[in-house]
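1. here is a sequence with its predicted model. Questions after.
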Amino acid sequence: MVPSGGVVARIIDEVYELCRADTSGTLADYIPELSAVQPDSFGICLATADGRIYGSGDLDAAFTIQSISKPFTYALALADRGVAEVARHIDVEPTGEPFNEISLDPQTQRPRNPMINAGAIAAAGLIKGTDAADRFARIRRSYSRFAGRELTMNDAVYASEARTGFRNRAIGYLLRGANIIDVDPDEAVDRYFRQCSIDVTCRDLAVMAATLANNGVNPLTRERALTGPLVEQVLSAMTTCGMYDAAGDWVTTVGLPAKSGVGGGILAVLPGQIGIAVYSPRLDAHGSSVRGVKASDWQRNSRPAPSRAASSSCRATVHAADCSSSSTDASASPSPIATIGGTG
């Protein structure tokens, strides 16, 4: 149940209303099934590290996770192979290239990071299992632990991805030719298509982000999804590489580990405190949700800004019940994610 009232709920409602009128951007049409989604869907959800959930809008509308899957498969690869072994196959350097560029680092001959398609396909190729079906099943179960419920694959989107994913197949063969993966490239790419086609909701993504914020323990189920040291590795890669060729701009304005996907989702993490997710399928030139980016950085994109509580205890605890002080203008404050979480 999403609580109503209180400072946190009010801030989220204000940001939602502030961003809802923005209908700029386009749907991802290179995957035919994604071009058929409802373009005006919009939801914002925040989950705390102690299991509280706040949100506004379309919190339970299903959409495919797409590239937001990348940090979670990278996490499973790290758990399966260890940091040092994964580093032999995937670098952790930012790149200014588009996310689907068919290239490897000219010096290392490895994908530059796990958040672009080349690195994500390499990570999918590192997952252990008895066969292809078992390897994907392990990915799906891992995502489900982060979300706190059983997630399923969208067959129609998977078929659409498999029918049109020629660039990703080219990347798979490039990886095999460079000995980055030692499995059948078609199998690794197919697994990548499948992981991108898992259905989630805005609420799911917020809980997945909160699990990362909570050092790898799901705040709702209390099940551990990832060890603490591996959470640090994943969040580091998300900070520098998660927003593709807009990563530098994101870090200097929002400043949180994040990942976007062409399905319209954005996930961000304030370690130790909150996970936040935004869903709105209209995308900018970088392949990220227009409203999602705007909601995460309203103080730079819009005026007047929503108010925030002056109470430091409210910012630190994210418990609306603890917030009793008056509001002040926040036009010069950090993003609402950081404001609610306590870094402001």
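-> Good, I have the coordinates. Small disclaimer: the values here were computed from a predicted structure and weren't measured.
2. which residues sit against the host helix or strand of residue 240?
-> Using DSSP states H and E, residue 240 falls within helix 228-241. The contact list for helix 228-241, computed with C-beta atoms under 8 Å, 6 or more residues apart in numbering, reads 71, 74-75, 78-79, 83, 92-95, 112-116, 212, 215-216, 226, 247, 251, 256-259, 269, 271. The way it works is simple: take the backbone N, C-alpha and C, and place the C-beta from them, glycine included.
3. just the buried ones from those residues?
-> 71, 74-75, 78-79, 92, 94-95, 112-116, 212, 215-216, 226, 247, 251, 256-259, 269, 271 (16 or more other C-beta atoms under 10 Å).
4. one step back: now the element after the helix holding residue 240, going C-ward?
-> Next along the chain after helix 228-241, taking DSSP H and E as the criterion, comes helix 247-253.
5. list the neighbouring strands of the helix or strand following that next one plus their orientation.
-> With elements assigned by DSSP H and E, the helix or strand that comes after helix 247-253 is strand 258-260. Partner strands for strand 258-260, per DSSP bridges, with pairing direction: strand 265-270 (antiparallel).
6. now the helix holding residue 240: buried residues?
-> For helix 228-241, the neighbour count (16+ other C-beta under 10 Å) marks 230, 231, 233, 234, 235, 237, 238, 239, 240, 241 as buried.
7. so where do the strands sit in the stretch 51-200 of the chain?
-> Along the stretch 51-200 of the chain, the segments classed as strands by DSSP state E, counting those that start in this stretch run 53-57, 63-64, 199-200.
8. wait, which of these is closest to residue 284?
-> Nearest to residue 284 among the strands of the stretch 51-200 of the chain is strand 63-64; the distance by C-beta to C-beta comes to 17.0 Å.
9. what is that closest one packed up against?
-> Counting contacts by 3 or more C-beta pairs under 8 Å, 6 or more residues apart in numbering; DSSP states H and E, strand 63-64 packs against strand 199-200.
10. what packs against the strand it packs on?
-> The contact analysis (3+ C-beta pairs under 8 Å, 6+ apart) places strand 199-200 against strand 63-64.
11. how about residues contacting the strand it packs on?
-> Contacts of strand 63-64 from elsewhere in the structure, counted by C-beta under 8 Å, 6+ apart, are 34, 37, 41, 154, 157, 196-201, 261, 263-265, 279, 281.
12. what about residue 159, distance to residue 206?
-> 28 Å (C-beta to C-beta, to the nearest Å).
13. and what of residue 60?
-> Residue 60 is 11 Å from residue 206, by C-beta to C-beta.
14. out of these two, which sits in the busier spot?
-> residue 206 (31 against 12; other C-beta atoms under 10 Å).
15. on the three-state scheme, that one is what?
-> Three-state assignment for residue 206 (DSSP: H, G, I helix; E, B strand; the rest coil): helix.
16. confidence score at it?
-> Residue 206 is assigned 98 on the pLDDT scale.
17. so what's the closest residue to residue 256 other than its chain neighbours up against?
-> Distances taken as C-beta to C-beta, 6 or more residues apart in numbering put residue 268 closest to residue 256, at 4.6 Å, once the chain neighbours are dropped. Listed by C-beta under 8 Å, 6+ apart, the contact partners of residue 268 are 209, 254, 256, 257, 258, 275, 276, 277, 296, 337.
18. just the C-alphas of the helix or strand where the first one lies, formatted as PDB.
-> Which is residue 209. Element membership for residue 209 (DSSP H and E) is helix 202-213. The C-alpha coordinates for helix 202-213 follow below in PDB (Å, rounded to 0.1, in the frame of the first residue of the first chain):
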ATOM      1  CA  CYS A 202       7.500   1.200 -11.500                       C
ATOM      2  CA  ARG A 203       7.000  -0.200  -8.000                       C
ATOM      3  CA  ASP A 204       9.200  -3.200  -8.800                       C
ATOM      4  CA  LEU A 205      12.000  -1.000 -10.000                       C
ATOM      5  CA  ALA A 206      11.800   1.100  -6.800                       C
ATOM      6  CA  VAL A 207      12.100  -2.000  -4.700                       C
ATOM      7  CA  MET A 208      15.000  -3.300  -6.800                       C
ATOM      8  CA  ALA A 209      16.700   0.000  -6.300                       C
ATOM      9  CA  ALA A 210      16.000   0.000  -2.600                       C
ATOM     10  CA  THR A 211      17.500  -3.500  -2.400                       C
ATOM     11  CA  LEU A 212      20.700  -2.000  -3.800                       C
ATOM     12  CA  ALA A 213      20.400   0.900  -1.400                       C
END
